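Sequence and predicted structure, then a few things I'm wondering about:
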Amino acid sequence: MKKFIIAPSVLSANYMNLKNDLTQCLENDINWIHYDVMDYDFVPNLTFGSKILQDITSQIKMNIDIHFMVKVKTKNFTDFFVEYIKANPQMMTMHIESMNAKETKLFIDLCKKNNIKASLAVSPQTPIKKIIKYLPIIDNILVMTVEPGFGGQSFIEHAAGKIGLLRKIIDQNNYKTTIEVDGGINSETSKIVKDYGVDIIVAGSYLFGQKDFAQRAKKLAGGN
Ligand SMILES: O=C(CO)[C@H](O)[C@H](O)COP(=O)(O)O
């Protein structure tokens, strides 16, 4: 049976209790976390920066998947990522909508140079034709099934259809790119994305703060 990677979104964690929330993930065989960086520009919300991430990775051994929902404003594009790279993330994701072609190339090259999986995200309204040419050179594509910016929103089903199209293209061409989904994932919507052929499932409000975290985590990780 296919094994899905579950990456709980720290956006829905309790920050007064973060260590417990992350330990709960590890106790339930979850060794990835999804770290949402928002800038109140690309998205209408502001979250956390590199210091909190460095504190996390200095104490807890987990694979870090950073999802940048930002418009980079540093004079030198790659400078923005320096402090995040110090936290040793496994994967970094930037939105295709927030970069021009030159920045997209710089971002992918930066990831490769630092041995970090290079990932591009597409918002619900963005067609996959915008990203297809990058598939052979990136490690992961993140399909957003909510508008980026907030946890706890409802799953946008038509956006999930992109996963099926991407699965076909990736398999037909023997690309190694993984497909990740983020937004509105629960026990029902996870079945839809698994059927479409997803590899990595991000879930925030469905997991954190829930008494039956263990059962929910098991449901997400298992097959349909
Ligand atoms: O990137 C995000 C929002 O922009 C979050 O990762 C995502 O929404 C997770 O929250 P939930 O599972 O509650 O929808």
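Yep, it's here.

where exactly do the strands run in the protein?
Ranges of strands in the chain, per DSSP state E, are 5-8, 32-38, 63-69, 91-95, 117-122, 140-144, 178-182, 200-203.

Distance check, the residue of the chain most remote from its centre against L11.
No residue in the chain sits farther from the centre than K75, which is 25.9 Å out by C-alpha atoms, centre = their mean. From K75 across to L11, the span is 29 Å (C-beta to C-beta, to the nearest Å). No exception for glycine: its C-beta is placed from N, CA and C like everyone else's.

mean confidence for the helix ranked longest in the chain?
Counting by DSSP state H, the longest helix found in the chain is helix 157-172. Averaged across helix 157-172, the pLDDT comes to 98.

Pull that helix out as CSV, backbone CA atoms only.
Output in CSV follows, covering the C-alpha atoms of helix 157-172 (Å, rounded to 0.1, in the frame of the first residue of the first chain):
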residue,chain,number,x,y,z
GLU,A,157,-12.4,20.6,-5.0
HIS,A,158,-11.8,21.9,-8.5
ALA,A,159,-8.2,22.9,-7.5
ALA,A,160,-7.6,19.3,-6.4
GLY,A,161,-8.2,18.2,-9.9
LYS,A,162,-4.8,19.5,-10.8
ILE,A,163,-3.3,16.7,-8.8
GLY,A,164,-4.7,14.1,-11.2
LEU,A,165,-3.4,16.0,-14.2
LEU,A,166,0.1,16.4,-12.7
ARG,A,167,0.2,12.7,-11.7
LYS,A,168,-0.4,11.8,-15.4
ILE,A,169,2.3,14.1,-16.7
ILE,A,170,4.8,13.1,-14.0
ASP,A,171,4.3,9.4,-14.5
GLN,A,172,4.2,9.6,-18.3
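
Right, I'll call it a day here.
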